[in-house]
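J.: Here is the input, now give the coordinates:
(one chain, ligands or ions: 1)
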Amino acid sequence: METIDWKNLGFGYIKTDWNIRSTHRNGAWSPLTATQDENLTLHMASTCLHYGQEAFEGLKAFRGADGKTRIFRLEENAKRMIRTAEYTMMAPPTVELFRDACIEAVRRNERFIPPYGTGASLYIRPLLIGTGAQVGVKPAAEYMFVVFVTPVGPYYKEGFRPISIMVDRHHDRSAPLGTGFVKVGGNYAASLTSADIAHKAGYPGVLYLDAREKKYIDESGAANFFAIRDGAYITPKSPSILPSITNMSLRDLAADFGLRVEQREVEFAELPTFEEAGSCGTAAVISPIGNIYDPDENRTYIFGDGTTPGPVSTRLYETLRAIQLGEAPDPRGWNTVL
Ligand SMILES: Cc1ncc(COP(=O)(O)O)c(C=O)c1O
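T.: Residues are numbered from 1 along each chain as shown. All right, here's what the predicted structure looks like:
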């Protein structure tokens, strides 16, 4: 067996042993099957290829301090995929099908679960696609649900450090009454140009503002935005952002810490008043934001000293990580312990 340098793993695809599949035909999902085949054979007129009938999820399994494996918030990811499927008129997997497929994929690829203490984890990627052939713009009659896993490295190789991001008022990833609130691939295709512009300017992330007025903060790349001010955890409420499961968890932890939780429209003009800012998502849990560059105004907003993570963001990050790794109690039952 090849050895994996867990500490130096990036976020890329590494072949694992098995993936798990089910197909939906005539109104029913087939029993799950396990395969070692990495390829899918698709009809060229599949709706996923032409009309974007495609949904995906992203969640992680962690090897805990006690040697057990924990999958974080499996049911919430299942529910989000069901919402995505319903909006895009695809056959939704049941929570049970989703759960069983994820657990089976993790179990069968046990040797790829990174050891405790490496900071690495096993990323789980559920995928739902319309496989039935259509030429008219209509939902497919057949679907495929696939779950594969791949080990991913620690997000913070050089420690938990703030990032710099850039505002983009010239591209939107989604529209207020569009697909931003669900996890369809098209939203990510729509984000590639702005990410490329930011990367070329030296910024790893993009801050999206609301598509209608460019007055409110929407999201920070493929992550939700939050800020800390005067004992409050503040995070945007917007129809065009993906409801982050990490953010949902951080709101509970913030309330546990005695912070006021404000989920509301957040004006871009509030930026100078924030003590801390961050983006949150499965990939990093929290990326503290050190500064935000606004190229239209040629202005940079700095949070704290711009280089040290704020105390509240640090506490939130460490608390959530400790729950995921089984180092701290999990009173709300967020982990599925295998
Ligand atoms: C657009 C977008 N927003 C937010 C998030 C964060 O969501 P979660 O915390 O569920 O990973 C993600 C990642 O899934 C995303 O792609």
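J.: okay, stretch 242-250 in CSV with CA atoms only?
T.: What follows is stretch 242-250 as a C-alpha-only set of coordinates in CSV (Å, rounded to 0.1, in the frame of the first residue of the first chain):
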residue,chain,number,x,y,z
LEU,A,242,-25.8,29.0,0.4
PRO,A,243,-27.0,28.3,3.9
SER,A,244,-23.7,27.1,5.4
ILE,A,245,-23.8,24.2,7.8
THR,A,246,-20.6,25.5,9.4
ASN,A,247,-22.2,28.9,9.9
MET,A,248,-25.3,27.2,11.4
SER,A,249,-23.0,25.5,13.9
LEU,A,250,-21.0,28.6,14.7
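J.: how about the helices of the stretch 201-338 of the chain, start to end?
T.: 245-256, 311-324 (DSSP state H, counting those that start in this stretch).
J.: Out of these, which is closest to Gln36?
T.: The closest of these to Gln36 is helix 311-324. By C-beta to C-beta, the value is 28.7 Å. Every residue, glycine included, has its C-beta placed from N, CA and C.
J.: anything in the closest one near the ligand?
T.: No - residues of helix 311-324 contacting the ligand under C-beta under 6 Å from any ligand atom: none, with a closest distance of 10.4 Å.
J.: quick one: average pLDDT of that helix?
T.: Across helix 311-324, the average pLDDT comes to 98.
J.: Just want the angle from it to helix 245-256.
T.: Put simply, helix 311-324 runs at 110 degrees to helix 245-256, going by axes from the mean of the first three to the mean of the last three C-alpha atoms, to 10 degrees.
J.: packing partners for helix 311-324?
T.: Packing partners of helix 311-324 (3 or more C-beta pairs under 8 Å, 6 or more residues apart in numbering; DSSP states H and E): helix 245-256, strand 276-281, strand 285-294.
J.: Surely Gln134 is in contact with Thr47?
T.: Yes - the pair Gln134 / Thr47 is scored as a contact, 5.1 Å apart, by C-beta atoms under 8 Å.
J.: who has more neighbours, these two?
T.: Thr47 (28 against 17; other C-beta atoms under 10 Å).
J.: OK, contacts around the more buried one?
T.: 53, 130-132, 134, 138-140 (C-beta atoms under 8 Å, 6 or more residues apart in numbering).
J.: can you count the residues close to the residue in the stretch 51-200 of the chain that the ligand sits nearest to?
T.: Of all residues in the stretch 51-200 of the chain, Gly58 sits closest to the ligand, at 5.0 Å by C-beta to the nearest ligand atom. Around Gly58 there are 16 other residues, counting by other C-beta under 10 Å.
J.: What sits closest to Ala269 if chain neighbours are left out?
T.: Excluding its sequence neighbours, the residue lying closest to Ala269 (C-beta to C-beta, 6 or more residues apart in numbering) is Lys215, at 7.8 Å.
J.: so who does that neighbour touch?
T.: Counted by C-beta under 8 Å, 6+ apart, Lys215 has contacts 209, 267-269.
J.: Tell me the residues of the stretch 51-200 of the chain that contact the ligand?
T.: Taking C-beta under 6 Å from any ligand atom as the contact definition, the stretch 51-200 of the chain meets the ligand at Gly58.
J.: Which pair of the contacts of Thr47 spans the longest distance?
T.: Largest separation among those by C-beta to C-beta: Thr131 and Lys138, giving 13.8 Å.
J.: Need the distance between the two termini of stretch 215-233.
T.: Start-to-end span of stretch 215-233 (C-alpha to C-alpha, to the nearest Å) is 20 Å.
J.: hang on, the earlier thing: give me the buried entries from the contacts of Thr47.
T.: Using 16 or more other C-beta atoms under 10 Å as the burial test, those include 53, 130-132, 134, 140 as buried.
J.: Give me the distance between the residue nearest to Lys79 when sequence neighbours are not counted and Met81.
T.: Once flanking residues are discounted, Lys79 sits nearest to Val95: 6.9 Å by C-beta to C-beta, 6+ apart. As judged by C-beta to C-beta, to the nearest Å, Val95 and Met81 stand 9 Å apart.
J.: do the same with Lys157
T.: Lys157 sits 30 Å away from Met81, going by C-beta to C-beta.
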